[in-house]
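Visitor: Provided below are the primary sequence and the corresponding predicted coordinates.
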Amino acid sequence: GFVDSMRDMVHFEFDRVMNSDFEIIFKSEVDHSAVDDIRRLPGVMVAEPVLAVVGDLSYGPRRKKLALTGVSPGAGLTRIFDSAGRQIPVPASGLLLGRHLAEDLGIGAGDRLRFVPSKGLRRPVEIPVAQIVESRVGLKAYADINFLNQLINEAGVVSAVQVKVQQSAAEKQAFLKTLKGAPQLQSLAEAKSQKKALKQQFDRALLGMAIVMILFAGVIFC
């Protein structure tokens, strides 16, 4: 039961919600033209912008520090699902909150959150909660990337690009070499590596729990 639950969470996050092969993260926000540059790299089939804005999200006395994730309307590399497994679009304004985050803040759809960005003008803004969505891993908050740009008084900036590729070995080598030489690059994450690392982390945790339970069962049996 434990193993099946963990595998289902990993599958949901990496095979349904996240559909990219690589995530390219910049040191700071860059112009949207960077997405077009990445689309021209060897073997790139799809490139979609992402804007992550870190700040304090609060509702009454409850507060969380996290990043709001802005995605493009109709994005295919980051998809959002409700509890029934239906894909739902990102609204033009307002937030889609993961269920765990909504429960931590004690908030529901239609309520308004207070958000203070960690950089830029750092002016507090009120954001309506459009919908509560299923989130099995972590605390999630999604918004339309254009709406999020407006919140921080920017226009057309991105902080990361998600990429779907179909590459030969030579194309992948050229792709990685080009990106690693980019001065704005902070990190390059491969979905396969992240998925493998998360599964290993879960497996270690499950092994430790299993050993403890077997020891207690042995004590009780004796």
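Guide: Yes, it's here.
Visitor: residue ranges with poor pLDDT in the protein?
Guide: In the predicted model of the chain, residues 9-18, 83-84, 120-121, 135-138, 194-195, 198 satisfy pLDDT under 70.
Visitor: ok, longest strand in it?
Guide: strand 44-59 (DSSP state E).
Visitor: for it, enumerate the helices and strands it packs against.
Guide: For strand 44-59, the packing partners by 3 or more Cβ pairs under 8 Å, 6 or more residues apart in numbering; DSSP states H and E come out as helix 33-39, strand 62-71, helix 99-105, strand 112-117, helix 145-151, strand 157-165. For the C-beta atoms, the positions are set from N, CA and C on the backbone; glycine is no exception.
Visitor: angle of it against strand 112-117?
Guide: 110 degrees (axes from the mean of the first three to the mean of the last three Cα atoms, to 10 degrees).
Visitor: now do strand 44-59: distance to the chain's middle.
Guide: Between the centre of strand 44-59 and the centre of its chain there are 7 Å (Cα atoms, centre = their mean, to the nearest Å).
Visitor: could I get that strand in PDB with only the CA atoms?
Guide: The C-alpha coordinates for strand 44-59 follow below in PDB (Å, rounded to 0.1, in the frame of the first residue of the first chain):
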ATOM      1  CA  VAL A  44      13.700  21.200 -29.200                       C
ATOM      2  CA  MET A  45      10.000  20.500 -30.100                       C
ATOM      3  CA  VAL A  46       8.200  22.700 -27.600                       C
ATOM      4  CA  ALA A  47       9.400  25.500 -25.200                       C
ATOM      5  CA  GLU A  48       7.000  27.100 -22.800                       C
ATOM      6  CA  PRO A  49       7.700  30.000 -20.400                       C
ATOM      7  CA  VAL A  50       7.300  29.900 -16.600                       C
ATOM      8  CA  LEU A  51       7.400  32.800 -14.200                       C
ATOM      9  CA  ALA A  52       8.000  32.000 -10.500                       C
ATOM     10  CA  VAL A  53       7.400  34.900  -8.100                       C
ATOM     11  CA  VAL A  54       8.400  34.200  -4.500                       C
ATOM     12  CA  GLY A  55       6.600  36.100  -1.700                       C
ATOM     13  CA  ASP A  56       4.500  35.900   1.400                       C
ATOM     14  CA  LEU A  57       1.000  34.600   0.900                       C
ATOM     15  CA  SER A  58      -1.400  35.200   3.800                       C
ATOM     16  CA  TYR A  59      -5.100  34.900   4.800                       C
END
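Visitor: who does that strand pair up with?
Guide: strand 62-71 (antiparallel), strand 112-117 (antiparallel), strand 157-165 (antiparallel) (DSSP bridges).
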